[in-house]
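sequence-free structure coming up:
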């Protein structure tokens, strides 16, 4: 039996225009109304997946050690989020987690992989293997000038010095019932996580489809290193999600966190579920 539990690690504010690239505010503002500073609320959803002896965390949020400068730039609603506190409601704790799958290593997805203990930084999930695409790891160690600010030395050093890091070469099943799919438009070596939950498959889309409004293929983040590749990858995965009736998780959406995808009038739209 597979059990999937969403974990709300908090949210932050980010410039709305950056999230939609060339799409005018007059359009994206209808689905994601910005504040007076043109910012929209961005969730940081994580998952706990229990599958037999495996207890898996998918993505880890930004962490609870950010400084005042960061919190001013990206106002966090829960800067002191604690995984042990969140997991206790599900009968787990950070020490019981066996695996962590990171879609990629941007700070809002991987920052929470470490935390401060007794004055020093260490792994949040001390027993867990950490699964990352090799291409993403290599890129994150030497990012471009365009996306260097998205990677933090704080967690890269700790993870890089750990024997728990597992580098994955391409798509495939990494754990029983857990398959990773590779995408390169947002950042090289990003991986989506496809979970076989028995009656249906659940897809954690990461930054391929960060918000439900990004179901529109041209709605692509300005952060993406190769937006034309993103468009191709997104359309391909949406066709498959429709055909196979996947349940898709939108990691950054605070209103519509998951939905089945349907196609109407040549447009993909969410069919939210309880």
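Now that the structure is in, tell me what you want to look at. Fair warning: this is a prediction, and the values are worked out from it, not measured in the lab.

now do the helices in the stretch 1-150 of the chain.
All helices of the stretch 1-150 of the chain, identified by DSSP state H, counting those that start in this stretch, fall at 16-20, 25-31, 68-73, 83-88, 107-110, 134-141.

deepest of those helices, which one?
Between the helices of the stretch 1-150 of the chain, helix 107-110 has the highest mean count of neighbours, a mean of 25, where neighbours are mean count of other C-beta atoms under 10 Å. For every residue, glycine as well, the C-beta is placed using N, CA and C.

and the helices of the stretch 1-150 of the chain, which one is worst for confidence?
Within the helices of the stretch 1-150 of the chain, the least confident segment by mean pLDDT turns out to be helix 68-73, at a mean of 93.

can you list contacts of that helix?
Applying C-beta atoms under 8 Å, 6 or more residues apart in numbering, the contact partners of helix 68-73 are residue 79.

re the thing from before, residue 159: which of the helices of the stretch 1-150 of the chain is closest?
helix 107-110 (7.9 Å; C-beta to C-beta).

which residues touch that closest one?
Contact partners of helix 107-110, identified using C-beta under 8 Å, 6+ apart, comprise 12, 42, 44, 59-62, 102-104, 150-152, 155, 159, 206-207, 251.

so how do I select the buried members of the residues you listed in PyMOL?
Under the burial definition 16 or more other C-beta atoms under 10 Å, those of the contacts of helix 107-110 that qualify are selected in PyMOL by:
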select buried, resi 12+42+44+59+60+61+62+102+103+104+150+151+152+155+159+206+207+251
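
and the contacts of whichever strand or helix holds residue 233?
Element membership of residue 233, judged by DSSP states H and E, is helix 227-244. When contacts are defined by C-beta under 8 Å, 6+ apart, helix 227-244 is touched by residues 21, 181, 183-186, 192, 201, 203, 205, 208-209, 214-215, 217-218, 220-221, 224, 246, 248, 261-263, 268.

for it, buried residues please.
Using 16+ other C-beta under 10 Å as the burial criterion, the residues of helix 227-244 that qualify are 227, 229-231, 233-234, 237-238, 241.

with that, I have no additional questions.
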